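Student: Give me coordinates for this.
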Amino acid sequence: MVKSVVYSLGSLVLVTLVAIFNLDVVTPPETDQANWHAYLTEDELQHPLVKYWFQRAAPDVHVLSALNNGPLPAGDVLSWEDRAQLIEPGYLDGENGWARFDDGSGYVAVKTFFPGATAEMIDWWFEWAQREEPIRYKIWYPGAHYDMSQTSTPNAPIYKNAKPYWGKSRFPVEDVGVGVSQLRLDFVAPTEFGFDELPEGSTMLAVRVGLPNGLLKTTDMIHYVRPVEGGVEMRSRFWIAREFEAMTGGLGLAAFLADNPFVKSLVVPENLPHELALHCANEYAQLASFLPEVYSRYKDED
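Tutor: Numbering: from 1, shown residues only. Next up, the predicted model:
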């Protein structure tokens, strides 16, 4: 009897969520799925950037080994509450790895070295690569990145000394290992994640990831970039389904209904943390292979 009642309630929640998610609250600038393709068009094959599509880079073997070595021990997972440790000198246990928890949530950590790069280049890329030509996004992870569009985040705060991508909502179409889908990434100032000041020479991408219509934020993402000998390193962290909440333009009811272990276990595929970790390692190894060259060539053109 109890199991029957729980199952019925769970079904009711799912039906309600489906109804809510189908509401057209925030529409991405480009929603025509006919334009979603990872291959290059005839015009793109003539583009100067096309060479980076064919010059595929692989992640560091030590990174791949760590990601394929099973889930991280619980003690090596950086909790959201301890995220400030990410900008402290030195390294943490579990710089590369992933985990999935009993409540359906997950965690990803990946470290990528960018030879010859600077934090300024990273900031430039996260504005330049999201605009105009889809090939800019496609070369970032050939075969897995399909399309990109963006708009200003509804009711975004007015940030002091804002970087160009703060207050922007990006709508990438990509396959992170669990099928092609469109996401929404709201780029916010690091202060919204509790980082009031960053060490000199560093930068941080603070991102809320969720459904394209903004009804549900599913993941908190941080890419912290700091200078090291010979370039910079990016320390990426994803807290998957840590806490569902409405994004700007969304409805709190959706988050309220979804923020429980039953729904999280259904919404988050079991293999997502591992696949996302591999995706992250691959796309940033690819970016690291050409960023200084592309920056030198294009930084003054837009």
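Student: pLDDT below threshold where in this protein?
Tutor: 1-32, 34, 248-256, 302 (pLDDT under 70).
Student: residue nearest the centroid of it?
Tutor: In the chain, the residue lying closest to the centroid (Cα atoms, centre = their mean) is Met221, at 5.8 Å.
Student: For that one, which residues are in contact?
Tutor: Contacts for Met221 (Cβ atoms under 8 Å, 6 or more residues apart in numbering) come out as Leu185, Leu205, Ala206, Val207, Arg208, Val209, Ser236, Arg237, Phe238, Trp239. C-betas here are computed from N, CA, C, even on glycine.
Student: same thing with Lys138?
Tutor: Counting by Cβ under 8 Å, 6+ apart, Lys138 touches Ala38, Leu40, Glu44, Trp53, His145, Tyr146.
Student: cool, and Trp125?
Tutor: Residues in contact with Trp125 (Cβ under 8 Å, 6+ apart) are Leu287, Leu291, Val294, Tyr295.
Student: Quick check: longest strand in the protein by residues?
Tutor: Ranked by residue count, the top strand of the chain under DSSP state E comes out as strand 231-245.
Student: Would you mind listing the buried residues in that strand?
Tutor: The neighbour-count check on strand 231-245 (16 or more other Cβ atoms under 10 Å) flags 231-242, 244-245 as buried.
Student: Kindly reformat those residues as a markdown table containing distance to Ala66.
Tutor: Below are those laid out as a markdown table (distance: Cβ to Cβ, whole Å):
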| residue | distance to Ala66 |
| --- | --- |
| Gly231 | 20 |
| Val232 | 20 |
| Glu233 | 15 |
| Met234 | 15 |
| Arg235 | 13 |
| Ser236 | 13 |
| Arg237 | 14 |
| Phe238 | 15 |
| Trp239 | 19 |
| Ile240 | 18 |
| Ala241 | 22 |
| Arg242 | 22 |
| Phe244 | 29 |
| Glu245 | 31 |
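Student: Farthest pair within these?
Tutor: Based on Cβ to Cβ, the longest span within the buried residues of strand 231-245 runs between Gly231 and Phe244 and measures 36.4 Å.
Student: which residues of the stretch 101-250 of the chain fall in strands?
Tutor: 106-115, 145-147, 150-152, 168-170, 173-175, 180-182, 184-188, 203-210, 217-228, 231-245 (DSSP state E, counting those that start in this stretch).
Student: packing partners for the fourth one?
Tutor: For strand 168-170, the contact count by 3 or more Cβ pairs under 8 Å, 6 or more residues apart in numbering; DSSP states H and E identifies strand 150-152, strand 184-188 as packing neighbours.
Student: Who are the contact partners of Leu49?
Tutor: Counted by Cβ under 8 Å, 6+ apart, Leu49 has contacts Glu133, Ile135, Arg136, Ile139, Val294.
Student: Lys299 and Met121, how far apart?
Tutor: When distance is defined by Cβ to Cβ, to the nearest Å, Lys299 is 8 Å away from Met121.
Student: Show me which of these two is the more surrounded one.
Tutor: Under the criterion of other Cβ atoms under 10 Å, the comparison of Lys299 against Met121 puts Met121 first, with 23 against 13.
Student: Leaving out sequence neighbours, find the closest residue to the more buried one.
Tutor: Take Met121 and drop its neighbours on the chain: the residue closest to it by Cβ to Cβ, 6 or more residues apart in numbering is Tyr295, 4.7 Å away.
Student: what about that neighbour, how many neighbours?
Tutor: Neighbourhood size, Tyr295 [other Cβ under 10 Å]: 19.
Student: That one: which element?
Tutor: Using DSSP states H and E, Tyr295 falls within helix 272-298.
Student: which of the residues in that helix are buried?
Tutor: Residues of helix 272-298 classed as buried: 272-292, 294-295, 298 (neighbour count, 16+ other Cβ under 10 Å).
Student: what bridges to Lys217?
Tutor: As for beta bridges, Lys217 partners with Gly210, Glu245 under DSSP bridges.
Student: Pro134: what's it in contact with?
Tutor: With Cβ under 8 Å, 6+ apart, Pro134 has these contacts: Glu44, Asp147, Met148.
Student: go with 6 Å
Tutor: Contacts for Pro134 (Cβ atoms under 6 Å, 6 or more residues apart in numbering) come out as Asp147.
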